[in-house]
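Asks: what follows is a protein structure lacking sequence information:
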């Protein structure tokens, strides 16, 4: 029998992951679903935001308060981090300001990496662009794993406890509320953006780039701005993942989890539909977490190791949806720029003109 406490713990463990992956998938949906930009290097901006959380705030506090006493931050990370957390626990205002600064900085890093990746994005065809962005994401992961003075190399780093001033029993609730609140704000922002004239412009470029250029639109500029904005959102998602896990290690960020799985979420849920993307995230995150929770019970009924069940379900679901509902569970909604009465009036006028002629 499942107790209410177990349900609460399950939700508290699951909600931050749903929030972070929702932001990643929304940023991908903005690029691919609405803009037609096949970004297979999503891990680039996600890991960039996470690396910022692991590299900057801890060193900043250690330098301001001279907590390292001239020692290398990463060589003595285990001794310095408790001192950093003590400082943050005693000063809620400092902790809050540092958290906001870190989130903004992660978005700026993501936007900067998006700017860098936008240069090949506006010059290469889709298949070459996908390979180039995929390679760029792998390069940053290799740097983080091998360059010790970024995020500690292979050992990684701990994230400062920004919420250390909050009592332990309620800390997880506050963190979950913070991350879910950020995801909701991102969802509202992307939904309003894609329903604005800018969103319609993105769709027109996706559907017929030559026509958009013929009508005087700066296609290169629009694509670059979209990639930068999506990069900023992905950087925020990386920071959210770092806050969820409490540590940053380059090995935890890879193309499978932070590029391919968001692609599956967007395609299955429905590209160019933010509600569909949210549904795809919910379905896959809840399914994978339930498999983790009940893996011992499931293993009794499986002829293979339970660790393969999640990727098998992901791939099978993707194939089924692509065969029977290629537009996704919730397909892209038709956009009407005129009201039905206005369309009827135009049709009536056209009929009268044709009758006169």
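Replies: Now that the structure is in, tell me what you want to look at. Bear in mind the structure is a predicted one, so any value in this text is a computation, not a measurement. Numbering: from 1, shown residues only.
Asks: for the record, mean pLDDT for stretch 129-137?
Replies: What stretch 129-137 shows for mean pLDDT is 84.
Asks: one more: stretch 4-13?
Replies: Regarding stretch 4-13, the rounded mean pLDDT is 87.
Asks: other residues contacting that stretch?
Replies: Where contact means CB atoms under 8 Å, 6 or more residues apart in numbering, the residues beyond stretch 4-13 that reach it are 172-173, 176, 289, 293. From N, CA and C alone the C-beta is placed, and that goes for glycine too.
Asks: report the distance from that stretch to the chain centre.
Replies: 24 Å (CA atoms, centre = their mean, to the nearest Å).
Asks: strands of the protein, residue ranges please.
Replies: Residue ranges of the strands in the chain, as given by DSSP state E, are 157-158, 247-248.
Asks: helices and strands of this protein: which one bottoms out on pLDDT?
Replies: Of all the helices and strands that make up the chain, the one with the lowest confidence by mean pLDDT, DSSP states H and E is helix 340-356; it has a mean of 68.
Asks: longest single helix anywhere in the protein?
Replies: Selection of the longest helix in the chain by residue count, based on DSSP state H, yields helix 92-121.
Asks: sorry, back to before: need the strands of the chain in TSV with distance to residue 284, mean pLDDT and mean neighbour count, can you?
Replies: What follows is these, written out as TSV (distance: least, CB to CB, whole Å; pLDDT from 0 to 100; neighbours: other CB atoms under 10 Å):
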stretch	distance to residue 284	mean pLDDT	mean neighbour count
strand 157-158	28	94	22
strand 247-248	24	96	21
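Asks: pipe those into JSON lines and attach distance to residue 90 per row.
Replies: Listed next are those as JSON lines, based on distance: least, CB to CB, whole Å:
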{"stretch": "strand 157-158", "distance to residue 90": "18"}
{"stretch": "strand 247-248", "distance to residue 90": "23"}
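Asks: what's the spacing between the longest helix of the chain and its chain's center?
Replies: Computed by CA atoms, centre = their mean, the chain-centroid distance of helix 92-121 equals 13 Å.
Asks: before we move on, what about stretch 112-129?
Replies: In terms of CA atoms, centre = their mean, the centre of stretch 112-129 is set 18 Å apart from its chain centre.
Asks: check stretch 81-95 too.
Replies: For stretch 81-95, the distance between its averaged C-alpha position and the chain's averaged C-alpha position is 28 Å (CA atoms, centre = their mean).
Asks: now do stretch 314-326
Replies: When distances are taken as CA atoms, centre = their mean, stretch 314-326 is centred 22 Å away from the chain's centroid.
Asks: next one: stretch 255-266
Replies: Put simply, stretch 255-266 sits 10 Å off its chain's centre (CA atoms, centre = their mean).
Asks: what's the first-to-last distance across it?
Replies: In terms of CA to CA, to the nearest Å, the two terminal residues of stretch 255-266 are separated by 15 Å.
Asks: where does the prediction get shaky in the protein?
Replies: Counting by pLDDT under 70, the chain shows low-confidence ranges at 1, 335-339, 343, 349-357.
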